[in-house]
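In: take this sequence and fold it.
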Amino acid sequence: MTDKKQKFEPERLDQQIDEAGHNLDVSAEHLIEDLRWLYRAPVAETTANAESLRRVRERLEEGIRATRQQGVIISLQEVRSRRARSGALNESREVQRPGWSRFSRIFGGIAVVLVAALVVASSLILFNSRKEMSDLGKKTTTPTPVKSVAKVDCSYAFADNYYGVDNGEHAACLRGEETLLNLTKIINGQQVTLISAYADTNRTFVRLAIDGEPMFVNPLYIDKLIVQQDISLPLGPTANIYFYDTQHKRTIQLISFDSSAIPMGTTTLNVHEDITGFDFMIPFHSAKRVALPGKELSINGHTVNLKGITVTHSQTIIYIESAEDLPPNGQVNLEGMLNGKKILVEAYTDAHGNGKQGKVIGWYATVQEDLMQHQGNWILKLNSKGPPLGEGSVETQFVVPRA
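Out: Modelled structure (predicted):
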């Protein structure tokens, strides 16, 4: 049917047939219905039925010419019969529709869904692109990354049989005031790490790690620190505590120094250590409580003076002086308790060294705890078991003002 485009337009097929078949007889109407059905067949079947379509068209044209020559009157009964036949033909078409038609409907449904999805996706892309374009002129702020701050390991407290537990160092660590350093050097073939350090009015201490096998006696002997203005900080009353870390195979050492020579108003310590060569800077924690009782105490006829008490977060020191000259080595016979807890009492002499030479000048009574928040009266007990004071004891109370 080469002239199909000229005589039959697909988009106006129904209208053309109706126009052509108006006022035709019943047989011509049947031919119109057949033509509509065959013309809607798929492309493959259209080719096969081309000859039938040509014959139907010719008959239709003849009928149209005949109709133009004589008018046709259709009865009411014929109209009803025509409508009944049209309904039956539609039902027959539904039953006889080939299988490819069902497939075409399914494929057509899928195509509709895909087209709808494409439209939605295109809309979203267009919306996002417009939003990005509108945001180009807006000022954007990049959040500042939060830096993780490394902290000193506070999972253990230093302790030994002589000094007891150093709760003062542990308190400073838990308060976050112990400064992490992690400085490393090779000394005498061993790796030495300066882990951390801390300083307050009573004491300055450093925490070291020496890699290798356990070192049970003076793992690393350091007898002083040098700070600004060439001030020397000697070893303190609780000088050296250490233990072996079996997990990391290294000796952990805590060395304490006397901070009493550091001048008031200091906020930062610039520290140098001669043996290891470490140089570092740490904050100086100046918070303290001070009491000057000025009490005279008598033990077995000997007079001692309760000179002063200094309290910091890491340590409490009680200063006791002898009112008379005493021979050395008497420090081992004096014990003390503060507020019901045992304290360490050590003597100091007028000679340089460890207090075993020269004359005994007095004693340090130290408490390795944070007593900054202690309230009420402080109760001190001293007990002498032998020379140089002889056997005897004394108890006194005093008040330490708040910081």
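In: tell me how many other residues surround G212.
Out: Residues lying near G212 (other Cβ atoms under 10 Å) number 12. C-beta coordinates here come from the backbone N, C-alpha and C atoms, glycine included.
In: ok, now which ones touch it?
Out: Q190, Q191, K249, R250, T251 (Cβ atoms under 8 Å, 6 or more residues apart in numbering).
In: ok, 7 Å please
Out: Contact analysis of G212 by Cβ atoms under 7 Å, 6 or more residues apart in numbering lists Q190, R250.
In: now the phi/psi pair for it, please.
Out: Here is the backbone geometry of G212 (degrees, to the nearest 10): phi 120, psi -160.
In: what of C154?
Out: In terms of degrees, to the nearest 10, the main-chain angles of C154 are phi -110, psi 20.
In: just give the closest residue to it, not the sequence neighbours.
Out: In space, and not counting its chain neighbours, C154 is closest to C173: 4.1 Å by Cβ to Cβ, 6 or more residues apart in numbering.
In: assign the one you found to helix, strand or coil.
Out: Look at C173: counting by DSSP: H, G, I helix; E, B strand; the rest coil, its state is helix.
In: need the helices for the protein, in chain order.
Out: With helices called from DSSP state H, the chain shows them at 4-7, 13-20, 26-39, 43-48, 50-69, 76-96, 99-135, 167-174.
In: buried residues in the last one, which are they?
Out: Right, helix 167-174. By neighbour count on 16 or more other Cβ atoms under 10 Å, the buried set for helix 167-174 is N167, G168, E169, H170, A171, A172, C173.
In: quick check: pLDDT value at M264.
Out: Per-residue pLDDT puts M264 at 92.
In: so what does the longest strand along the chain touch, helix or strand wise?
Out: Longest strand in the chain by number of residues (criterion: DSSP state E): strand 231-245. Secondary-structure packing of strand 231-245 (3 or more Cβ pairs under 7 Å, 6 or more residues apart in numbering; DSSP states H and E): strand 224-227, strand 250-258, strand 341-349, strand 360-367.
In: ok, the second one: who's next to it in the sheet?
Out: Spelled out, that is strand 250-258. Applying DSSP bridges to the sheet, strand 250-258 is found paired with strand 203-211 (antiparallel), strand 231-245 (antiparallel).
In: quick one: mean pLDDT for the shortest one?
Out: If I follow you right, that is strand 203-211. On average, strand 203-211 scores 95.
In: report the angle between it and strand 360-367.
Out: Calculated by axes from the mean of the first three to the mean of the last three Cα atoms, to 10 degrees, strand 203-211 forms an angle of 70 degrees with strand 360-367.
In: pull out the buried positions in strand 203-211.
Out: Buried residues in strand 203-211, counted by 16+ other Cβ under 10 Å: R203, T204, F205, V206, R207, L208, A209, I210.
In: can you get me a residue count around D325?
Out: Neighbour tally, D325, other Cβ under 10 Å: 10.
In: tell me the pLDDT of it.
Out: 79.
In: next: A239.
Out: Reported pLDDT for A239: 72.
In: same deal with V304?
Out: Looking at V304, its pLDDT stands at 93.
In: do the same with V149
Out: 54.
In: equivalent analysis for the one 3 residues further on, please.
Out: The confidence metric pLDDT takes the value 91 at V152.
In: separation between it and G358?
Out: Relative to G358, V152 is positioned 38 Å away (criterion: Cβ to Cβ, to the nearest Å).
In: between the two, which has more neighbouring residues?
Out: Under the neighbour definition other Cβ under 10 Å, V152 and G358 were set side by side, and V152 has more, 20 against 14.
In: show me the contact partners of stretch 262-269.
Out: Taking Cβ under 7 Å, 6+ apart as the rule, stretch 262-269 contacts A199, V227, I231, M281, I282, P283, F284.
In: swap in 10 Å and give it another go.
Out: Residues outside stretch 262-269 that contact it (Cβ atoms under 10 Å, 6 or more residues apart in numbering): 179, 197-201, 204, 225, 227-229, 231, 233, 259, 280-286.
In: buried among these? Make that a PyMOL selection.
Out: Selection of buried members from the contacts of stretch 262-269 for PyMOL, criterion 16+ other Cβ under 10 Å:
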select buried, resi 179+197+198+199+200+201+204+225+227+233+259+280+282+284+285
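In: would JSON lines of the buried residues of helix 167-174 with distance to G294 and pLDDT be doable?
Out: Shown next, in JSON lines, are the buried residues of helix 167-174 (distance: Cβ to Cβ, whole Å; pLDDT from 0 to 100):
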{"residue": "N167", "distance to G294": "29", "pLDDT": "92"}
{"residue": "G168", "distance to G294": "26", "pLDDT": "93"}
{"residue": "E169", "distance to G294": "30", "pLDDT": "94"}
{"residue": "H170", "distance to G294": "32", "pLDDT": "94"}
{"residue": "A171", "distance to G294": "29", "pLDDT": "94"}
{"residue": "A172", "distance to G294": "30", "pLDDT": "94"}
{"residue": "C173", "distance to G294": "35", "pLDDT": "95"}
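In: for G376, list the residues it contacts.
Out: Applying Cβ under 10 Å, 6+ apart, the residues contacting G376 are N339, Q397, V399, V400.
In: from these, list the buried ones, please.
Out: Neighbour-count burial (16+ other Cβ under 10 Å) is assigned, among the contacts of G376, to N339, V400.
In: name the nearest of the buried residues of strand 203-211 relative to E324.
Out: R203 (29.0 Å; Cβ to Cβ).
In: identify the bridge partners of that closest one.
Out: On the basis of DSSP bridges, R203 is bridged to D258.
In: that one and F284 touch, don't they?
Out: No: look at R203 against F284 with Cβ atoms under 10 Å: they stay out of range, at 11.6 Å.
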